[in-house]
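Engineer: Sequence and predicted structure below; questions after.
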Amino acid sequence: MPTDDDDDFRVDLDVKLAFQERLIGDLDALVRLFGERLAKVEKEFADLKAQVSKPLDERPPHY
């Protein structure tokens, strides 16, 4: 027969599990957001790198 201590222990475990599930969901959303932001930054970096690596066709003004 369960005692009050057993019930309290079960309630504590249920509360901890609920908080952990919420935290995991929040962290998952954050990781996905950072992944999307990283992909965007990597694309922008590649675009900038391509622009910088193009040779300049015009001479500087002091020539």
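Structural biologist: Received it, and whenever you're ready, just let me know what you need.

Engineer: any idea how far residue 36 is from residue 44?
Structural biologist: According to CB to CB, to the nearest Å, residue 44 and residue 36 sit 13 Å apart. In short, each C-beta sits where N, CA and C put it, glycine included.

Engineer: go on, residue 49?
Structural biologist: 20 Å.

Engineer: likewise residue 45?
Structural biologist: Distance, residue 45 to residue 36, using CB to CB: 15 Å.

Engineer: Could I get the full set of helices for this protein?
Structural biologist: Per DSSP state H, the chain carries helices over the ranges 4-53.

Engineer: Low-confidence stretches in it?
Structural biologist: Applying pLDDT under 70 to the chain picks out residues 1-2, 56-57, 60, 63.

Engineer: neighbours around residue 46, how many?
Structural biologist: Number of residues near residue 46 (other CB atoms under 10 Å) recorded here: 10.

Engineer: before we move on, what about residue 26?
Structural biologist: 10.

Engineer: number of nearby residues for residue 22?
Structural biologist: If we define neighbours as other CB under 10 Å, then residue 22 has 10 of them.
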